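>>> make a model of this:
(chains A and B)
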Amino acid sequence: MLTLKNVNKAFGTNEVLKDISLSINDGEIVSILGSSGSGKTTLLNCLLGLVELNSGVIELDGKDITQLPIEKRGLNIVFQDYALFPHLSAGRNIVYGWRNNPSVSTQEEVDALIDLLDLREHLDKEIHELSGGQKQRVALARTLTLKPKVLLLDEPLSALDGVIKESIKDTIKEISEKYNLTTIIVTHDPEEALTLSDKVLILDGGSIAQYGTPQEIIQHPANSFVESFILRQLHVKRDNILKLFGDQHV
Amino acid sequence: MFKRNNELKLIYILVFALFAIFLLYPLVLVLIRAIQTNGVISFDNIIKVVSKERFLTSLQNSFLIASIAALLSTSLAFFLAYTVHFTAVPKAFKKLINVIATMPMLMPTITYGFAIIYTFGKQGVFTKLFGFQPFNLYGFNGLLIGYLIYTLPVAFILIKNTMTYIDKKQFVVSILMGDSPLRRFFHTIFRPLVYTLVIAFIQTFFLSFTDFGIPAAIGGQFEVIASTLYNQMLGSIPNFHNGAVISLVMLVPSILAVLVVRRIEKMNVRYENISEETLPNVKSKNWICGIGASLIMLGIVSVFAVIFILPFVKEWPYNIGFSLDHVKETFQSANLLDVVKNSFIVAVLTAICGTVVSYVAAIISARGKMPRFITGSIDFISTLTNALPGMVIGIGFMFAFKGTNIQNTYLILIICNVVHFFSTPYVMIKNAFMKMNLSFETTGRLLGDSWFGTLRKVMIPCSISTVFEMFSYYFINSMVTISAIIFLVGAETGVITTKIKELQHFAKFTDIFVLSLLIFVANIMMKSLMNHLTKKESEKRYYVEVK
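Residues are numbered from 1 along each chain as shown, chains lettered A, B, ... in the order given. Below you'll find the predicted structure:
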């Protein structure tokens, strides 16, 4: 279980995170949803340990990790642009961290991961030869070989096209389920957040606007912000799509 | 469509003619002189020169010292650039590194030599302060320090620029992947930089190998190829054939360098995204790098300090009270004022002509949609001028234009500088053009502009900050250069740097430092002016956008 207690962060006089408290259960997929400037990237950096908190506590499985350096936290991240090493092949990228810590995963586990992510045939390719979706999967594999307790995904779908987007969504769900992996996804897209996650954390101006399951958010929006900015967008999308397919689907 | 092509073709012919007459023709003459004895083509001359022991020693010396200087300079520059990019030392300190590491570019190399003498020599500042002379400075040691200071700025700028294009997220990934510090350093910093480090090594090697100013001041008995060449051409018993042969030998490493750079190009690491990720703050690293960088800067400043001190004391080292006498004397000497005037005229005109030439050359190669052999030929000229030592250009010009109307004129100096320093401004503006929206010309034409109209109203305003940079590059380099023009100045057209060489024989070091300070101040002013203009220009444009 990952718990945040009264987390505050300010850069100078600019308060970016205000009194954030929440807990995430093991194996849950949680999306952090907000527009730019809402504090979602800062929250991610705080979890990761790149940014120091002004006050508050972060606990993982009951252990205080607030002061731990980033490599000792048990969290890992796949960046939006994947940050793959351009001078290494796909395969070498995948085993990069595992080679530092061979005891974390067995050879069979790494092989299973490569097959699960359908990367077997791409191992010898250079990074620039891979498609966006393939890069995403290589980055996922590279991170998962280290068996993090919590996986952070920074805008995992924003660089991908339509169909690939849907298949990566399924992959993320599959992995989370299979490894009982707590997954935190940062996104600015309400559709992504609500269709992908068990719970959604909506940030507005550094505070929590609402934290709940997609159903709760749709049926009981906590305030006018959630209603006007999040739900309205989804309604417009739904109406447009329904119009497109005609009446038979209503 | 046809009309535009005609304009570009005309420009191409003019540019190409310029370089054919003032680059290729002189070079061919150097080649002919080297392989021709009494009107017959033979390699006798070459064999004769190359088998001389004195020549071989100077060649060996040059290789040795240039390699050591290049290695040290690249390492120090890497350290400074690393401190700027990968540590959390205070911002003001990073700015200071930028200023001090590039400061030597603003002074002629011949001055460094004299500055080193007055710092570490028997009467030097260091020797006076600490009571002992740290090492024998004439020859190897002095040259090495001079070359280091001379080449550090170039290596620093190269490495620093590439470091901005390193994806800092990789650093975070490496930490999360559990890398040891060594493995992290290799994969996130060293490996992406290898290409640039090799380039920096080659560039700094080449600069040291071909520099004339430093050995002229401080070489002593340690002969390097540049001093040998100078003696052959302008020494007591000139021998132009030998000079031509030595010029060719000097060219060999440059040609090799170009080939090596081509070969290793594939080692270049390209990131698809570059992100400024927050780096974890490691205090011990900040301290180590901060102290190391301070020491390097202290070294540079301590050598330069003397240039700022000597002109303002009564009589070094016996009476060190403050006095403006020397400065006044210099300004009262009509002879010295003349060279100052000459330097300014040549520098300003070089900057104007050079900027125009490289600008139009880049338009043709980057925006002209011209056939490959045309863009290729311009790129070739750029590579060639980059690889050519100034001394070789100077000697070529001497062979080509002695006895013509342009001998002993400003014009020959200006053309020589324009050709000599063509490469860097050309590459600068070409890169700027490549990034510019490709549809500008078409849009301009569709909106009823003539080709020159689009040039004036769109292309130039959009690249104006680069134009200012090019202008200041040409100005500064023509203020500090000596290697090519030493062979070309006449009695009436001497510039500051060549005057400094002359003053050396009369041991007038205070005058030398006053003149060097003048160059320094002029260059600083030019740089600030260009920075100011760039800023003003970008503010203006911002205003328009907001409206």
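>>> quick one: residue B:116 and chain A, what's the gap?
For residue B:116, the distance to chain A equals 41 Å [CB to the nearest CB, to the nearest Å]. C-beta here means a position set from N, CA and C on the backbone, and glycine is covered the same way.
>>> let me fix that, I meant to ask about residue B:485.
Going from residue B:485 to chain A by CB to the nearest CB gives 44 Å.
>>> give the contact list for that residue.
B:394, B:413, B:416-417, B:495, B:497-498 (CB atoms under 8 Å, 6 or more residues apart in numbering or on different chains).
>>> and with 7 Å instead?
B:394, B:413, B:416, B:495, B:498 (CB atoms under 7 Å, 6 or more residues apart in numbering or on different chains).
>>> and what of residue B:127?
Counting by CB under 7 Å, 6+ apart, residue B:127 has contacts B:120-121, B:133.
>>> returning to what we had before: out of the contacts of residue B:485, which are close to chain A?
When contact is defined as CB under 7 Å from any CB of the partner chain, these do not meet chain A at all.
>>> can you list these in TSV and add pLDDT?
Listed next are those as TSV, based on pLDDT from 0 to 100:
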residue	pLDDT
B:394	93
B:413	96
B:416	96
B:495	93
B:498	92
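>>> contact partners for residue B:497?
By CB under 7 Å, 6+ apart, the neighbours of residue B:497 are B:108, B:110, B:480-482.
>>> over to residue B:480?
B:107-108, B:497, B:519.
>>> mind listing residues that contact the one helix or strand residue B:415 maps to?
For residue B:415, the host element (DSSP states H and E) is helix B:410-420. If you take CB under 7 Å, 6+ apart as the criterion, helix B:410-420 is touched by B:19, B:22-23, B:345-346, B:349-350, B:353-354, B:357, B:385, B:390, B:393-394, B:397, B:401, B:406, B:478, B:481, B:484-485, B:488-489, B:493.
>>> buried set for the helix or strand just after it?
Using DSSP H and E, the helix or strand that directly follows helix B:410-420 along the chain is helix B:423-435. Residues of helix B:423-435 classed as buried: B:423-430, B:432-433 (neighbour count, 16 or more other CB atoms under 10 Å in any protein chain shown).
>>> how about the residue of chain A found nearest chain B, what does it touch?
Nearest residue of chain A to chain B: residue A:97, at 3.1 Å (CB to the nearest CB). Contact analysis of residue A:97 by CB under 7 Å, 6+ apart lists A:142, A:145-146, B:177-178.
>>> let me see the domain layout of chain A.
Using automatic domain parsing, the domains assigned to chain A come out as A:2-73+A:155-214, A:75-147.
>>> ok but residue A:21 is inside a strand, no?
Yes - when DSSP: H, G, I helix; E, B strand; the rest coil is applied, residue A:21 is found to be in a strand.
>>> quick one: low-confidence ranges for the chain?
All of this refers to chain A. Regions of chain A meeting the criterion pLDDT under 70 cover residues A:247-250.
>>> that answer is for a different chain, and I need it for chain B
B:1-5, B:270, B:272-278, B:538-547.
>>> residue boundaries of the strands in it?
Residue ranges of the strands in chain B, as given by DSSP state E, are B:36-37, B:40-41, B:313-315, B:319-322.
>>> how far off centre is the last one?
Using CA atoms, centre = their mean, to the nearest Å, the mean C-alpha position of strand B:319-322 is found 35 Å from that of the whole chain.
>>> now do stretch B:73-82
18 Å.
>>> which other residues reach that stretch?
Applying CB under 7 Å, 6+ apart, the external contacts of stretch B:73-82 come out as B:97, B:101, B:148, B:151-152, B:155-156, B:159-160, B:163, B:197, B:200-201, B:204, B:289, B:292-293, B:296.
>>> and the residues you listed near chain A, which?
By CB under 7 Å from any CB, no member of the contacts of stretch B:73-82 lies near chain A.
>>> spatially, what comes nearest to the residue of chain A closest to chain B if we skip its sequence neighbours?
Take residue A:97 and drop its neighbours on the chain: the residue closest to it by CB to CB, 6 or more residues apart in numbering or on different chains is residue B:177, 3.1 Å away.
>>> which residues touch that neighbour?
Contacts for residue B:177 (CB under 7 Å, 6+ apart) come out as A:96-97, A:100, A:146.
>>> which among these count as buried?
Buried by 16+ other CB under 10 Å: A:96-97, A:100, A:146, out of these.
>>> against chain A, how distant is the nearest residue to residue B:467 once chain neighbours are set aside?
The shortest distance from residue B:467 to any non-neighbouring residue, by CB to CB, 6+ apart, is to residue B:355 (6.2 Å). Here residue B:355 is placed at a distance of 36 Å from chain A (CB to the nearest CB).
>>> looks like residue B:355 contacts residue B:471 (just checking).
Yes - counting by CB atoms under 7 Å, residue B:471 is a contact partner of residue B:355 at 5.0 Å.
>>> circling back to that earlier point, need the contacts of residue B:127 in JSON lines with neighbour count and distance to residue B:512, can you?
Formatted as JSON lines, these follow (neighbours: other CB atoms under 10 Å in any protein chain shown; distance: CB to CB, whole Å):
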{"residue": "B:120", "neighbour count": "22", "distance to residue B:512": "17"}
{"residue": "B:121", "neighbour count": "19", "distance to residue B:512": "14"}
{"residue": "B:133", "neighbour count": "14", "distance to residue B:512": "21"}
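>>> quick check: closest non-adjacent residue to residue A:144.
Of all residues not flanking residue A:144 in the chain, residue A:113 sits nearest, at 5.6 Å (CB to CB, 6+ apart).
>>> just give me the neighbour total for the one you found.
Counted with other CB atoms under 10 Å in any protein chain shown, the neighbours of residue A:113 add up to 22.
>>> thank you kindly, that will do.
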